[in-house]
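# Give me coordinates for this.
(one chain, ligands or ions: 3)
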Amino acid sequence: MKEVKSPRKPLIYYYVIIMLAIMLINAFVMPRLMQRQIIEVPYSEFLKKLESGQISEVSRDSYQIVFTDRSQPPIIYKTGLMEDPGLVDKMQAAGVTFTSPIVEPASPLMSFIMSWLLPIGFMVLMGRLFSKRLAKLGGGMNAMQLGKSNAKIYIESETGISFDDVAGQDEAKEALSEVVDFLHNPAKYTEVGAVMPKGVLLVGPPGTGKTLLAKAVAGESKVPFFSISGSEFVEMFVGMGAAKVRDLFKQAEEKAPCIVFIDEIDTIGKRRESTAGLGGNDEREQTLNQLLSEMDGFDGSKGVIILAATNRPEILDPALTRPGRFDRRIPVELPDLAGRIAILKVHAKKVKLASNVDLARAARAAVGASGADLANLINEAALRAVRHGRKTVSQEDLEESIDVIVAGYEKKDRVMSDKEKKIVAYHEVGHAIVAALQTNAAPVHKITIIPRTSGALGFTMQVEEEDRYLMSKEDIENKIATLTGGRAAEELVFSSITTGASNDIEKATQLARAMVTRFGMAEEFGMVAFDQQQNQYLGGGYTTNCSSETQSKIDALTVSIVKEQYDRAYKILEENISKLHEISYALYESETMTGEQFMDILARPARLEEAKEFQAEETQPDSSFRSN
Ligand code: ADP
Ligand code: MG
Ligand code: ZN
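Ligands and ions are numbered 1, 2, ... in the order given. Alright, predicted model coming up:
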């Protein structure tokens, strides 16, 4: 992509000029100053010359004596100062003038330089430095042109990004292709009487490829593309943001047909406060008002299309999203399984893959990952391959980097006691067995008890075979049961519980609460929502809106849901206790187990001897551990 920018003189340019000036002074001015030489003589010589009447003038300052003789032109001498009380008398006797000190008259050129050129030069230099500093504060511009928009203009793409680089997101691509097509063949649309939307808003969670899509539009459309981020409008001086908007649209109109892209528009497009003045942000409001009026100002036939992206559509000012402004909204959602596979394929092109790599398997494990996560995943895998001195990325690298993204790096130096390791093994296998024995739960993908930098001592990764868009009440209950399975296994086997389940408890509580307050799954309340999500795409918290009476009922219901599922999980484990022992033992030995290995052991006939042995060890009381 070609970027057009005005060249700026580097600072070194000024240094070179100053250096040249100094060299000129050295070459031409200094020798003339040096013409009048001063000869240094010993004090005795001075006395001799004084006595013989050769000296005409004497001057002394605090550290030396300077004198001239009577020759034409007079020669100047100097000598060190001596404690000599009779000197004045001697000088008087010799008829010497010794009143005024000899001052070296400065050459006219030098005095001109000193009193005029230097100060002026200094001031000019300071002025330039200061204006640079100002410009930096004001968003990278010269102080003279603060109101100019500094939108980057992508004129045409040669090496640019195309729609092929954006995997998945087919609906978004289709909607945007229509926009591109309009810019190329407006007649086709105007003939029928269709008007293109002025503004197109891309909304979706972070990392789903909104910015990437906009760049692809720039690459595909072959018209000028102005790209600016919302934060670049926020200025040091009041009113400058508005001026920038004005300038941006003026430029855009000159270059039409063209596309203006405003990334992260929520920075300026935030809902205006109804209580203006009370802590309201005047600057931002002015900028937004300017944007609104600019969008009204030109008609769609001019061929300027405004593209914007945000992950917080709910905070945008309603005036921005009304018809006639950003009237088309294109959702850019988290990718589904097919989308994840496609994105992995796009990014896998950049690395060397081993022949046995199964991207679909990795995609299935990376539930909920955004495009940016998946790009990162491939890179992490490649880094790991290098770290292990391999030339290609293996399946293992991919799986491990999913774990890294899910749970952090393996913590090699963490030493777990034998006892702890056993507890973690039982805990994780507890999750896995409860998950596997419930018909609707997703199969287990991987279990590991290698500690992670995130603090997790182990984890059980479940994946869905297919994407699920609806969860039934039973699905959620199964999920809660699975989450409580770890703690249930601990209690069942060790008759004691540990802190290791805190994360599970948190998640189980959240789910149970959501059943009551958002999904209308508690019979007592029916279809009533008490919680409202604050932010759809950023996973923000919930605000609860109910009486305190209802609140305590909600709490009681939440507690009973979790309790019920915990009892169910406990029962499942109790009925399959020999499998619990057997698999926990295998996991304890191997530390990591794939879903297939797990299912193999679960399905095969019980090997009672092995399991019993481990069990016998386990049930021995261990006072050192029971302390917590
Ligand atoms: P957003 O603007 O939505 O927060 P970006 O467009 O900046 O996200 O995406 C960040 C990076 O993630 C991109 O540079 C790209 O490498 C990767 N990415 C995201 N979505 C996709 C996708 N659909 N196809 C390919 N790469 C993607
Ligand atoms: Mg972005
Ligand atoms: Zn757990």
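
# which residues in the stretch 451-600 of the chain form helices?
Taking DSSP state H, counting those that start in this stretch as the criterion, the stretch 451-600 of the chain contains helices spanning 473-494, 502-517, 548-575, 577-590, 595-603.

# Any chance of TSV for those, columns mean neighbour count and distance to ligand 1?
Any C-beta I mention is one placed from the backbone N, CA and C, and that applies to glycine too. Formatted as TSV, the helices of the stretch 451-600 of the chain follow (neighbours: other C-beta atoms under 10 Å; distance: least, C-beta to the nearest ligand atom, whole Å):
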stretch	mean neighbour count	distance to ligand 1
helix 473-494	23	28
helix 502-517	18	25
helix 548-575	16	34
helix 577-590	21	35
helix 595-603	16	27
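
# and these as a markdown table, adding distance to residue 81?
Output for the helices of the stretch 451-600 of the chain, formatted as a markdown table (distance: least, C-beta to C-beta, whole Å):
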| stretch | distance to residue 81 |
| --- | --- |
| helix 473-494 | 94 |
| helix 502-517 | 86 |
| helix 548-575 | 95 |
| helix 577-590 | 94 |
| helix 595-603 | 98 |
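
# Please tabulate these in a markdown table, including the columns distance to ligand 3 and mean pLDDT.
Shown next, in a markdown table, are those (distance: least, C-beta to the ion, whole Å; pLDDT from 0 to 100):
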| stretch | distance to ligand 3 | mean pLDDT |
| --- | --- | --- |
| helix 473-494 | 3 | 93 |
| helix 502-517 | 4 | 91 |
| helix 548-575 | 11 | 93 |
| helix 577-590 | 13 | 92 |
| helix 595-603 | 15 | 88 |
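
# Of these, which is nearest residue 418?
Relative to residue 418, the nearest member of the helices of the stretch 451-600 of the chain by C-beta to C-beta is helix 577-590, separated by 9.0 Å.

# send the alpha carbons of the closest one over as CSV?
Extracted as CSV, the C-alpha positions of helix 577-590 are listed here (Å, rounded to 0.1, in the frame of the first residue of the first chain):
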residue,chain,number,x,y,z
ILE,A,577,-15.0,-44.9,41.3
SER,A,578,-12.9,-47.7,40.0
LYS,A,579,-12.6,-45.8,36.6
LEU,A,580,-11.8,-42.7,38.6
HIS,A,581,-8.9,-44.4,40.3
GLU,A,582,-7.7,-46.1,37.1
ILE,A,583,-7.6,-43.0,35.0
SER,A,584,-6.2,-40.8,37.7
TYR,A,585,-3.4,-43.2,38.1
ALA,A,586,-2.7,-43.1,34.4
LEU,A,587,-2.8,-39.3,34.4
TYR,A,588,-0.5,-39.2,37.4
GLU,A,589,2.0,-41.3,35.5
SER,A,590,1.8,-39.5,32.2
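
# Could you check the angle that helix makes with helix 473-494?
80 degrees (axes from the mean of the first three to the mean of the last three C-alpha atoms, to 10 degrees).

# Make residue 1 into 48 and carry on from there
All right, first residue 48 from here; so that's helix 624-637.

# Now do the closest residue to residue 590 other than its chain neighbours against residue 564, distance only.
In this structure, residue 590 finds its nearest non-sequential neighbour in residue 579, 5.4 Å apart by C-beta to C-beta, 6 or more residues apart in numbering. Using C-beta to C-beta, to the nearest Å, we find residue 579 at a distance of 10 Å from residue 564.

# Point out the residues in the stretch 298-447 of the chain that sit beside ligand 3.
The stretch 298-447 of the chain comes close to ligand 3 at no residue, as judged by C-beta under 5 Å from the ion.

# Okay, now the unreliable bits of the stretch 298-447 of the chain?
The model of the stretch 298-447 of the chain has pLDDT under 70 over residues 320-328, 346-348.

# Just the helices from it, written as ranges.
Using DSSP H, counting those that start in this stretch, the helices of the stretch 298-447 of the chain run over 313-316, 329-344, 365-368, 384-395, 406-412, 418-434, 442-454.

# neighbouring contacts of the first one?
By C-beta atoms under 8 Å, 6 or more residues apart in numbering, the residues outside helix 313-316 that reach it are 276-278, 280-281, 288, 309, 331, 334-335, 338, 355, 357-360, 362-364, 367.

# Might you enumerate the residues of the protein proximal to ligand 1?
By C-beta under 6 Å from any ligand atom, the residues of the chain that approach ligand 1 are 213-216, 253-259, 356, 390, 393, 418-419, 422.

# try it again with 8 Å
212-216, 249, 251-262, 310, 356, 358, 379, 382, 386, 389-390, 393-394, 417-423 (C-beta under 8 Å from any ligand atom).

# Which of the residues you listed are buried, as a PyMOL select command?
Listed next is the PyMOL selection for buried residues among the residues of the chain next to ligand 1, using 16 or more other C-beta atoms under 10 Å:
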select buried, resi 212+213+214+215+216+249+251+252+254+255+256+257+258+259+260+261+262+310+356+358+379+382+386+389+390+393+394+417+418+419+420+421+422+423
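
# Could you break the protein into its assigned domains?
85-145, 199-320+327-378, 384-453, 465-674 (automatic domain parsing).

# if we can go back for a sec, most packed of the helices of the stretch 298-447 of the chain?
Of all those, helix 313-316 has the most neighbours on average by mean count of other C-beta atoms under 10 Å, namely a mean of 24.

# Where does this protein get nearest to ligand 1, which residue?
For the chain and ligand 1, the shortest gap (C-beta to the nearest ligand atom) falls at residue 418, measuring 2.1 Å.
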